[in-house]
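**Q** got a predicted model here, sequence first, then my questions.
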Amino acid sequence: MPEKTDKCSNPECNCASNLENEYCSEYCERVVHDPEVGCRCGHPECRQEATQPAS
């Protein structure tokens, strides 16, 4: 797997992406033009964010 180096280009996502792809997953690439509230890519970084209460 390529090294994770940069943030996913989906503004709702908190995951890292890699040098070969600007998105962390196919999900984020698909929904970037139809954004949802919060990210549902399923990666641990976003699941943790979704379960924390808003401050």
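**A** Looks like it arrived, so ask away.
**Q** in three-state terms, label the residue lying closest to E22 once chain neighbours are set aside for me.
**A** Leaving aside its sequence neighbours, E22 sits nearest to S9 (CB to CB, 6 or more residues apart in numbering; 4.2 Å). All C-beta atoms are positioned from the backbone trio N, CA, C, and that covers glycine. Counting by DSSP: H, G, I helix; E, B strand; the rest coil, the backbone at S9 sits in coil.
**Q** report pLDDT for S9.
**A** For S9, the model assigns a pLDDT of 89.
**Q** any figure for the gap between the residue most central in space within the chain and N21?
**A** The centre of the chain sits closest to C13, judged by CA atoms, centre = their mean, with a distance of 3.1 Å. Using CB to CB, to the nearest Å, we find C13 at a distance of 13 Å from N21.
**Q** tally of neighbours for R40?
**A** Counted with other CB atoms under 10 Å, the neighbours of R40 add up to 16.
**Q** hmm, I was thinking of N14
**A** 19.
**Q** check contacts around it.
**A** 7-8, 39, 45-46, 49 (CB atoms under 8 Å, 6 or more residues apart in numbering).
**Q** measure S9 to E20 for me?
**A** Per CB to CB, S9 is found 13 Å from E20.
**Q** likewise for E29?
**A** Separation of E29 from E20 (CB to CB): 13 Å.
**Q** higher neighbour count, the two?
**A** E29 (17 against 8).
**Q** that one: what's it in contact with?
**A** 10, 21, 23 are the contacts of E29 under CB under 8 Å, 6+ apart.
**Q** weed out the non-buried ones from the residues you listed.
**A** When the contacts of E29 are checked for burial by 16 or more other CB atoms under 10 Å, the buried set is 10, 23.
**Q** no further queries at this time; thank you.
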